[in-house]
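> Here's my sequence, what's the structure:
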Amino acid sequence: MKHLTDIVLLGDPRLYEVCEAVKKEEVPALQETINDMANVILEFRAKYGAGRAIAAPQLGVMKRLVVINIDRPIAFFNPELFDCSEEMMEMWDDCMSFPDLHVWLKRHRYCKMRFRDENWEEQVWDLADDLSELLQHECDHLDGVLATMRAEGNNALRWVKRDS
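Numbering: from 1, shown residues only. All right, here's what the predicted structure looks like:
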């Protein structure tokens with residue numbers, strides 16, 4: 001079982017790689033990875049008070065797989081974003097791969113995401129606001145793009161001071 005200490009951190013070359021598509025026959029073998037991802041989200045949330053989703057490469061699994069855990073774990077295989085709005089929103093973004101650093105950036109306020117679920121059925125979700133931002137962040141990970149690469153402006157990075 002993987003834990004918080006297994007998260008791949010900023011600077012690791014795997015975070016900059018484009019992930020391979022998941023094949024239908026791989027889904028059963030990825031169940032342990034999905035469970036690990038869901039567990040790491042909860043561990044991260046307990047330690048940092050944040051954390052809603054994780055992409056597989058953040059645990060060193062170079063597959064197009066994202067897990068969110070807001071009220072329960074949900075796996076997204078081969079997610080693709082489309083119909084992204086021209087309307088953007090600005091925010092401080094955080095990441096499990098650099099938990100003490102926040103990045104000021106822009107994301108699309110609305111978009112759609114096509115993916116395969118755990119039964120390998122195609123789904124399409126309309127995403128808005130927080131969920132749109134979250135899944136854009138996670139899909140970026142699958143393409144080797146980090147929030148730091150989307151930084152906006154000269155003051156776009158800030159350290160987060162945490163109570164010990």
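> following the longest helix that the chain contains, which helix or strand shows up next?
Secondary structure assigned by DSSP state H gives helix 31-48 as the longest helix of the chain. Sequence-wise, the next helix or strand downstream of helix 31-48 (DSSP states H and E) is strand 53-55.
> Listing partners with orientation, what would you give for that next one?
Here strand 53-55 has these sheet partners by DSSP bridges: strand 65-69 (antiparallel).
> can you list contacts of the partner strand?
19, 22, 30, 33-34, 37-38, 41-42, 52-56, 73-77, 79, 134-135, 138-139, 141-142 (C-beta atoms under 8 Å, 6 or more residues apart in numbering). Quick note: C-beta positions are derived from backbone N, CA and C, even for glycine.
> quick one: residue 92 from residue 15, how far?
According to C-beta to C-beta, to the nearest Å, residue 92 stands 20 Å off from residue 15.
> For the chain, which segments count as strands?
Listed in chain order, the strands of the chain (DSSP state E) span 53-55, 65-69, 73-82, 88-93, 101-108, 110-116, 122-128, 157-159.
> Now do the same for the last one: mean pLDDT, whole number.
It stands for strand 157-159. Across strand 157-159, pLDDT averages out at 95.
> list the contacts for the residue nearest to residue 106 when sequence neighbours are not counted?
Once flanking residues are discounted, residue 106 sits nearest to residue 88: 4.5 Å by C-beta to C-beta, 6 or more residues apart in numbering. Applying C-beta under 8 Å, 6+ apart, we find residue 88 in contact with 106-109.
> For PyMOL, what selects the buried ones among those?
Per 16 or more other C-beta atoms under 10 Å, the buried members of those correspond to this PyMOL selection:
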select buried, resi 107+108+109
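> and which of the contacts of residue 88 is nearest to residue 116?
Of all the contacts of residue 88, residue 116 sits closest to residue 108, with 22.1 Å by C-beta to C-beta.
> what's the closest non-adjacent residue to the closest one?
residue 84 (4.1 Å).
> any idea how far that neighbour is from residue 104?
19 Å.
> swap in residue 151?
Distance, residue 151 to residue 104, using C-beta to C-beta: 7 Å.
> Spell out which residues are contacts of both of these two.
Here residue 151 and residue 104 share the contacting residues residue 157, scored by C-beta under 8 Å, 6+ apart.
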